[in-house]
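**Q** this one's structure only:
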């Protein structure tokens, strides 16, 4: 890439691991613009410099809320890098923080190189000469290490997949180029937008599959943050115990955390669940209702998956309704527990509240319906992909961002085709997709195209 | 016996070689106000076309327009001497449309020579330059084989294939420049003595046949266009030749028999017998090369092209070869339509010296010797247009150097010339370099229709574009802007007439009123059709203005994206690397990066970033090192 010096860069600036708060930092000309794209709250472009602003991070595509955050806006030049800087204070733990970083990367930021914030500070005259050597050492040392890490992360299978994607795109590009540079060359089929569309759709599907594994990949590394919520005495505690004991759960404390919170991991059909707020689950009934809801709200915020437990032997309470509402935007599984008892719950009303979400009937006590629950969990996260053993996992934030951008480029290809643009214009976005994929494997290299051109076609005039 | 030297005249600029690069270089330097000498081996071979009789085509045609917009001659000269004109890629987007002309070779050469003769500041002289006069790494002039010492402030070398040229036809091999002309045997050695690294390249040309012996009925005719088009922005539509006045090309194919003949005689092919050392171009392979590399192709296209009006000699485009003459004859006779053809000249391969282009700055000045410039095939390119483009840039910079003016660099986003020069000086080349549209990352910006918008102003600043032409250009620009503004202000209301028109195009009907501009954005709607529904402009617009309006409105989204990319890159282009930087002193650069940077000595951080093997960490370290130096000085 040639524009690295002036890209807007982003990174998680707090040490890895579970802290109460993590900070994602953005620096560069487009820092405010990019933050604005994923932020719901005040208009960051309008707020005064050096202010901190409350709001939420949303995925602009799905409108899904990621986290409740405080965003500091600091305009150049009075910042560390002397560029516009945004700091997002997030609360949702590693998973949410990573997702926020991911969103920023998908929306125009580039993952910062090691020491890059400091480097920019220096290049903009923020640090004096005596510190320059230290900065260079830092870049050197960190680059070597991070290159090794990057290489390790680019496992052979992923590289192979991306390379085969690129080769397929290259074939298309070469054909378009031949049509352009050798218009009288008769031995090659004219690349039409129809052919181009087929290719774009095919490549897009394969990229989406890779991105699908990204979700799984992260799940595998960090565990899927899971909250079990419900009002007291619906059977949360029993459910937890079932999951923990019956599935021979791995119970561990997370390495590298400073707090003495113990989080519990359960492996369900290959999906490691990281149970959030296990203390809350074990809470007894004598607590004030209000605190219960408040506590659940926090747990829900932190979770990627919510299991909402309702007692089917009783009528719906206000608290039940509140919890249904609170979890409505989350990936959730609703359990109608205690089916072994006489049914009291108002099913028609509940279905109205839950919409299309499937309701699972269980009896934790009698061990009924738990198989379906586990299958449901597995299905939610391995949706569509049969055999997770042989599937490549994309886990690196940079790779994910590049794949996301490559997918966007393909959307532009498809938009162009829809708008009846000529092939050679549509091809600009196809080339862009190819370049982005090349950044994953480290071979964005123009000569590749020419080599392809001249090895595939016998060209004259 | 030693030739006795004598001191002859002193010039501002001397150009060595009057091929397509040399002619542009000499004219540009002279027109900028420099007293200029153009020395060439043979005055009958000014702007000579030793290979194909055509100019333009994809990418190349855009370079011709760029040369024209800068005030160069190639566009005007071909507009005066073409025998056929065709617009290529008309079914594709605006970025890749390309004009190509078949030239009358003789007329082209004579016309260019006459233009040079009439140029007030320019002297044309026959001679062979054997050596350069260099003092303390500064060029001071040249010495010819007749002993003349000419002084100069700048020298441009455009030696083409004459530099230690060697022609090969089967087993026959002899020293020669293009088309049996005298080669330049001494200059290369002297360049090596000065410290330049030279390389050996190879190119080739096909046999020519007598048109009276071709059976045209067995071939397909390819006519010129009716629609008028010219290369030069100065040429008028009225001057365009009617199709019946144009000459046709003829299409035929090789066949199994041709291939059999070639395969049976590969042991006599210099390409494969190890005789040819030079590296040939992949994009213009000889027929024997095509048949070996693409063995399963049953036939290859051939174009039979006229060499001019006052000759019946025809050029067999696609049949470039260095097979023995006897075999060439058999090959030709195996081809449909050429069964009885008389071969007038055999094809041949030619090997020649080039100056490895990494030794140049983006101005085409050599890094080694101040005031010395090289252009064209000397720099490892192939093609008349590539040569002219470099000649233009080298001539401008040699002229600026002599005048003490600031030098000119064309960026990749400015022109195909910029793409080519940046490729050459940053990456070098391992084979004769040809421009292709795929080499340009901003090809939507580098169109042939807007070459004037990109470069006329620069040409005018340099004194290469007349005030009169510049005014016409400004008027065109204003007319385009005015019409774009007008279309932004007119509304089209949905009515039966509009919707019937849209329905006939298979397009969705209008529900609400739209701006004329947005109406034109519909891919099916042309500007002329739009005029049915809105008032006509006060004065009817020239088709070149309409073309601009259409392109700028229809492709606005893509164009905007490209400009955003360019804008980002501009900042890196602005980060200059000091010329005397000591790469050995920079700790922490990867070894490969250090070696490459030392060799190529990029002028800016952007150029450094395009060198393969220089990674972002190296760029960071380089940026910091430069900044350190800057701070230390304060």
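**A** Arrived safely, thanks for sending. The model shown is predicted, which means the values in this text are computed figures rather than measured ones.

**Q** ranges for the strands of chain A?
**A** Taking DSSP state E, the strands of chain A run over residues A:9-12, A:22-27, A:39-41, A:51-58, A:65-74, A:85-90, A:110-111, A:224-229, A:264-268, A:271-275, A:305-311, A:331-337, A:359-361.

**Q** Which elements pack onto the shortest one?
**A** Spelled out, that is strand A:110-111. strand A:9-12, helix A:397-418 (3 or more Cβ pairs under 8 Å, 6 or more residues apart in numbering or on different chains; DSSP states H and E). Any C-beta I mention is one placed from the backbone N, CA and C, and that applies to glycine too.

**Q** Save those as TSV, and put in distance to chain B, mean neighbour count and mean pLDDT too.
**A** Formatted as TSV, those follow (distance: least, Cβ to the nearest Cβ, whole Å; neighbours: other Cβ atoms under 10 Å in any protein chain shown; pLDDT from 0 to 100):
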stretch	distance to chain B	mean neighbour count	mean pLDDT
strand A:9-12	11	24	88
helix A:397-418	8	21	88
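
**Q** neighbours around residue A:298, how many?
**A** Residue A:298 has 16 neighbouring residues, counting by other Cβ atoms under 10 Å in any protein chain shown.

**Q** Would you mind finding the most buried of the strands of chain A?
**A** strand A:224-229 (a mean of 26; mean count of other Cβ atoms under 10 Å in any protein chain shown).

**Q** quick one, longest helix in the chain?
**A** You didn't pick a chain, so chain A it is. In chain A, with assignment by DSSP state H, the single longest helix is helix A:193-222.

**Q** looking at chain B here, not the other one
**A** Determined from DSSP H, the single longest helix within chain B is helix B:467-489.

**Q** For residue A:50, give me its contacts.
**A** With contact set as Cβ atoms under 8 Å, 6 or more residues apart in numbering or on different chains, residue A:50 has these partners: A:72-75, A:78.

**Q** what ranges of the stretch 301-450 of chain A fall below the confidence cut-off?
**A** Along the stretch 301-450 of chain A, segments meeting pLDDT under 70 span A:378, A:380-397, A:442-450.

**Q** Now do the helices in it.
**A** Taking DSSP state H, counting those that start in this stretch as the criterion, the stretch 301-450 of chain A carries its helices at A:318-326, A:347-354, A:370-382, A:397-418, A:423-441, A:446-456.

**Q** Buried deepest among these, which one?
**A** Burial of the helices of the stretch 301-450 of chain A is given as mean neighbour count (mean count of other Cβ under 10 Å); helix A:423-441 ranks first at a mean of 23.

**Q** does that one come close to chain B?
**A** Yes: interface with chain B: helix A:423-441 contributes A:423-425, A:428 (Cβ under 8 Å from any Cβ of the partner chain).

**Q** returning to that earlier point: and of the contacts of residue A:50, the nearest to chain B?
**A** Among those, residue A:75 lies closest to chain B (Cβ to the nearest Cβ), at 18.9 Å.

**Q** State the number of residues packed around that closest one.
**A** Each residue near residue A:75 was counted by other Cβ under 10 Å, and the total is 16.

**Q** on that earlier part again, strand partners (parallel or antiparallel) of the helix or strand following the longest helix of chain B?
**A** Helices and strands here follow DSSP states H and E; after helix B:467-489, the next one along the chain is strand B:491-492. In the sheet, strand B:491-492 lines up against strand B:514-515 (antiparallel) (DSSP bridges).
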